[in-house]
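Colleague: fold the following and give me the result.
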Amino acid sequence: MRHFLIFFLAAGYMLPVFSQNDTTKTLPAYAQYPLPQFSIVLSDSSTSYTKDQLPKGKKTIIILFSPDCDHCKHETERIKKNMELFKKSQIVMITTMPFEKIRSFSTEFGLDQYKNIVVGRDPKYFFPSFYKIHYLPFIAVYDKKQQFLKSFEGNPTWEEFEKVVKM
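Modeller: Predicted coordinates for the structure are as follows:
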């Protein structure tokens, strides 16, 4: 009986040594900090667009996409049909694909006609690793002060996306 008591006391003292912090609840870097500095190359393949060029006092919506992705095309259509919702937002659509595909995508959806949509290439592959994306499209919404609000991978429900944009 004495051996059991000693065993349980020793186990009780050792338990804190083996416990670890739960890292699954840690927020990713993009959710903890403001929108990072970035530089993309616009579809003309010579003009850069940076964080410093974002309009002040507007929400920023970062959309990582692929011109070949059907889900990305669908999301772009939904955004175009609801442009009234995005009049106080700057949309920055970013891909790592070649400029020919970017130009074709932009032309197909008529994105050049919208002042609040910028489409460009991430030549340094910064965004996929920063956001640690698994599915496209990836959408990150930032408030007027460029503080992170919410992100979506794949096609979000429109109601949920709309709710965040209206915040």
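
Colleague: for stretch 70-83, what is the distance to the chain centroid?
Modeller: 16 Å (C-alpha atoms, centre = their mean, to the nearest Å).

Colleague: can you list the residues that contact that stretch?
Modeller: Stretch 70-83 is contacted by residues 63, 65-66, 86, 91, 93, 105, 109-111, 114, 135-137, 139, 154-155, 158, 162 when judged by C-beta atoms under 8 Å, 6 or more residues apart in numbering. For the C-beta atoms, the positions are set from N, CA and C on the backbone; glycine is no exception.

Colleague: neighbours of the closest residue to residue 114 other than its chain neighbours, just the number please.
Modeller: On the basis of C-beta to C-beta, 6 or more residues apart in numbering, the spatially nearest residue to residue 114 that is not a chain neighbour turns out to be residue 83, at 6.7 Å. Here the count is done by other C-beta atoms under 10 Å, and residue 83 has 13 residues near it.

Colleague: beta partners of the residue most central in space within the chain?
Modeller: For the chain, the residue lying nearest the average C-alpha position, counting by C-alpha atoms, centre = their mean, turns out to be residue 140 (3.1 Å). Residue 140 forms beta bridges with residue 62, residue 151, as assigned by DSSP bridges.

Colleague: residue contacts, it?
Modeller: The neighbours of residue 140, taking C-beta under 8 Å, 6+ apart as the test, are 30, 61-62, 131, 148, 150-151.

Colleague: all helices for the protein, in order.
Modeller: Listed in chain order, the helices of the chain (DSSP state H) span residues 2-18, 29-32, 70-81, 99-109, 126-131, 158-166.

Colleague: what comes into contact with the last one?
Modeller: Think helix 158-166. 59, 61, 78, 82, 85-86, 89, 139, 141, 149-150, 152.

Colleague: now the angle between helix 70-81 and that helix, please.
Modeller: Going by axes from the mean of the first three to the mean of the last three C-alpha atoms, to 10 degrees, helix 158-166 is angled at 60 degrees with respect to helix 70-81.

Colleague: only the C-alpha atoms, please, for helix 158-166, written as CSV.
Modeller: Taking only C-alpha atoms (Å, rounded to 0.1, in the frame of the first residue of the first chain), the coordinates of helix 158-166 have been written out as CSV:
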residue,chain,number,x,y,z
TRP,A,158,-21.9,34.3,-49.5
GLU,A,159,-23.8,35.3,-46.3
GLU,A,160,-20.7,34.8,-44.2
PHE,A,161,-18.4,36.7,-46.6
GLU,A,162,-21.0,39.5,-47.0
LYS,A,163,-21.2,39.8,-43.2
VAL,A,164,-17.5,40.3,-42.8
VAL,A,165,-17.3,42.8,-45.7
LYS,A,166,-20.1,44.9,-44.1
